[in-house]
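Enquirer: Pasting the sequence and the predicted model now:
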Amino acid sequence: MTSTAKNSIQETEKHLKEDNFFDIYDLSLNKYGEELCGDKVKYVKTEKTITIVLSDGLGSGVKANILASLTTEILINMLNAEVPLEEVIRTVIGTLPICQVRKIAYATFTVIQINNETNQFKVINFDNPSVFYFRKGKPVELDTKTEKILDRKVKIAEGFIGRGDFLAASSDGVIYAGLGGTMNFGWGWGNIAAYIERQLTQQQAHTAKTIVRSVMQETYSLYQGHIGDDASLVGVYVRQRNPLMVFTGPPLDKDQDRQYVERLLNFPGQKIICGGTTGNIVAKYMGETVEMDISTLRKELPPIGKLPQIDLVTEGILTISKAMELLRQSNCDVSRLPNDRNGAVLLATKILEADSILFLVGQQINEFYQNPLLPKNISIRRSLVEELVSLLRSRQKEVSVEYC
């Protein structure tokens, strides 16, 4: 075995031991004057696989949106059903109609599949721009082969994505940004790659959101606000996971209080306590007292508390219920949360900023919340947490629940 190959294997093993998070973000710009985007991006995370699809419908407006949406849904659903990738591609290409004037398919697409366990990825590209792939901040050209499926050319590439790497797919609206205006021939793939490289080499914390937003802001600028074609970019950035643990409700067996408190304190990430009794259990173990921050008291919400080593201490049922309401109202967008420092806003913010969330839910019954005069949605802690978990999972959040 050569030293290069040996180093490569050691590097791969090192990456696999790290707690990596596949941070995904996408953003689209509608063609000027159109209410609907003719591109569609969707991704699904399962225990072993991440599947990302970007489809570009021919033309713009409603028709393009329908074509792109149908293509994306078919690809995602078939891949989720574990139909072999090649068979899925063959089915979709065989189904897509051909424009009789331009002799091209009514929708193009890029599929990125990443194996969570090995970090290996595969890219299937049908008439979309080539993907952008960066290793350690530098652009790398993927070894791509072209196959003919039903007389259509499909490009297939494979690779490995580790900590600090970035992989992105775009529609041609990004590539041709500024065409005939600020740029004679449009922004171009090479210039975009150079732009992303500059972003990645800057000494700052990166996320998929910051990189994608930066590229799309430049796209908007080059179009000078008059977007000439639907433009979309979806990127995957591998970084350290930002985990969060929420401990709510006293454990069913009081003898196990100590065990669960130690688990919370030893958790390698952000720590939140939701519940007065739960907070007092943790404080007693630490030999501390929960200090209340009266400035956060609101008419419908109790104030937050403060404890060393704990990032946030709130009241339980009322605050969780209000935080879930805020998450729905904001469509799980942290930038749309109210600008108010109260327990519910702080809890919702922490949840949205976390990559993975573990809810540790105590099952000891609090008689107050069994009052039949209280609204049903706050009568039982367990059902409330399950509802919150369902909401977060529908937004592709990695969430787990343990009862104690």
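Expert: Thanks, I have it.

Enquirer: and the closest residue in space to residue 396 that isn't next to it in sequence, what are its bridge partners?
Expert: Counting by C-beta to C-beta, 6 or more residues apart in numbering, the nearest residue to residue 396 once its immediate chain neighbours are dropped is residue 45, at 5.6 Å. (Glycine included, C-beta is placed from N, CA and C.) Beta-bridge pairing of residue 45 under DSSP bridges involves residue 50.

Enquirer: Which residues are in contact with residue 45?
Expert: Listed by C-beta atoms under 8 Å, 6 or more residues apart in numbering, the contact set of residue 45 reads 22, 396, 398.

Enquirer: Which of those ranks first by neighbour count?
Expert: residue 22 (22 neighbours; other C-beta atoms under 10 Å).

Enquirer: where does that residue land in three-state SS?
Expert: Of the three states, residue 22 takes strand under DSSP: H, G, I helix; E, B strand; the rest coil.

Enquirer: Tally up the residues packed near residue 286, please.
Expert: Counted with other C-beta under 10 Å, residue 286 comes out at 14.

Enquirer: picking up where we left off before, so how far is residue 395 from the residue nearest to residue 396?
Expert: Distance, residue 45 to residue 395, by C-beta to C-beta, to the nearest Å: 11 Å.

Enquirer: any chance of the contacts of residue 45 in a markdown table, plus distance to residue 281 and pLDDT?
Expert: Shown next, in a markdown table, are the contacts of residue 45 (distance: C-beta to C-beta, whole Å; pLDDT from 0 to 100):
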| residue | distance to residue 281 | pLDDT |
| --- | --- | --- |
| 22 | 35 | 95 |
| 396 | 33 | 83 |
| 398 | 27 | 90 |
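
Enquirer: Just put these in JSON lines and tack on distance to residue 309.
Expert: Shown next, in JSON lines, are these (distance: C-beta to C-beta, whole Å):
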{"residue": "22", "distance to residue 309": "29"}
{"residue": "396", "distance to residue 309": "30"}
{"residue": "398", "distance to residue 309": "24"}
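
Enquirer: quick check, nearest of the residues you listed to residue 119?
Expert: residue 22 (9.0 Å; C-beta to C-beta).

Enquirer: Below-threshold pLDDT in this protein: ranges please.
Expert: Counting by pLDDT under 70, the chain contains low-confidence ranges at 1-18, 97-105, 203, 366-379.

Enquirer: list the helices and strands the strand or helix carrying residue 87 packs on?
Expert: Using DSSP states H and E, the element containing residue 87 is helix 85-95. Using 3 or more C-beta pairs under 8 Å, 6 or more residues apart in numbering; DSSP states H and E, the elements in contact with helix 85-95 are helix 61-80, strand 107-115, strand 120-126, strand 144-149, strand 152-160.

Enquirer: between those, which one is nearest to residue 263?
Expert: Comparing these by C-beta to C-beta, strand 107-115 comes nearest, at 30.3 Å.

Enquirer: contacts for that closest one?
Expert: 22, 48-58, 67-68, 70-72, 75, 79, 85, 89, 92, 96, 120-128, 131, 161, 167, 169, 236.

Enquirer: how long is stretch 171-185 end to end?
Expert: Using C-alpha to C-alpha, to the nearest Å, the end-to-end distance of stretch 171-185 comes out at 16 Å.

Enquirer: Please state the offset of that stretch from the chain centre?
Expert: 28 Å (C-alpha atoms, centre = their mean, to the nearest Å).

Enquirer: Okay, buried residues for that stretch please.
Expert: 171, 172, 173, 174, 175, 176, 177, 178, 179 (16 or more other C-beta atoms under 10 Å).

Enquirer: what's near enough to touch residue 181?
Expert: 222, 223, 224.

Enquirer: no wait, residue 75
Expert: Taking C-beta under 8 Å, 6+ apart, we find residue 75 in contact with 53, 55, 88, 92, 109, 111.

Enquirer: Who wins on neighbours among those?
Expert: Going by other C-beta under 10 Å, residue 55 tops the contacts of residue 75 with 31 neighbours.

Enquirer: Now, the contacts of residue 181 that are in strands?
Expert: Applying DSSP state E to those, no entry is found in strands.

Enquirer: how close does the nearest residue in space to residue 139 that is not next to it in sequence sit to residue 346?
Expert: In space, residue 139 comes closest to residue 193 once its chain neighbours are excluded; the distance is 4.7 Å by C-beta to C-beta, 6+ apart. According to C-beta to C-beta, residue 193 stands 39 Å off from residue 346.

Enquirer: again with residue 386
Expert: From residue 386 to residue 346 the distance is 22 Å (C-beta to C-beta).

Enquirer: and if you look at residue 304?
Expert: From residue 304 to residue 346 the distance is 7 Å (C-beta to C-beta).

Enquirer: between those two, what contacts are shared?
Expert: 296, 312, 314.

Enquirer: Now secondary structure and neighbour count too, for the residues you listed, in JSON lines please.
Expert: Output for the shared contacts of residue 304 and residue 346, formatted as JSON lines (DSSP: H, G, I helix; E, B strand; the rest coil; neighbours: other C-beta atoms under 10 Å):
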{"residue": "296", "secondary structure": "helix", "neighbour count": "19"}
{"residue": "312", "secondary structure": "strand", "neighbour count": "21"}
{"residue": "314", "secondary structure": "strand", "neighbour count": "30"}
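
Enquirer: CA atoms of stretch 111-125 as CSV?
Expert: Extracted in CSV, the C-alpha atoms of stretch 111-125 (Å, rounded to 0.1, in the frame of the first residue of the first chain):
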residue,chain,number,x,y,z
VAL,A,111,-29.6,14.1,-7.4
ILE,A,112,-27.1,13.9,-4.5
GLN,A,113,-27.1,10.9,-2.3
ILE,A,114,-24.9,10.7,0.8
ASN,A,115,-24.3,7.6,2.9
ASN,A,116,-24.4,8.8,6.6
GLU,A,117,-22.2,5.9,7.7
THR,A,118,-19.4,6.1,5.1
ASN,A,119,-19.6,9.7,4.0
GLN,A,120,-19.5,8.5,0.4
PHE,A,121,-21.7,10.4,-2.0
LYS,A,122,-23.0,9.9,-5.5
VAL,A,123,-24.2,12.6,-7.9
ILE,A,124,-26.6,12.0,-10.8
ASN,A,125,-26.9,14.9,-13.1
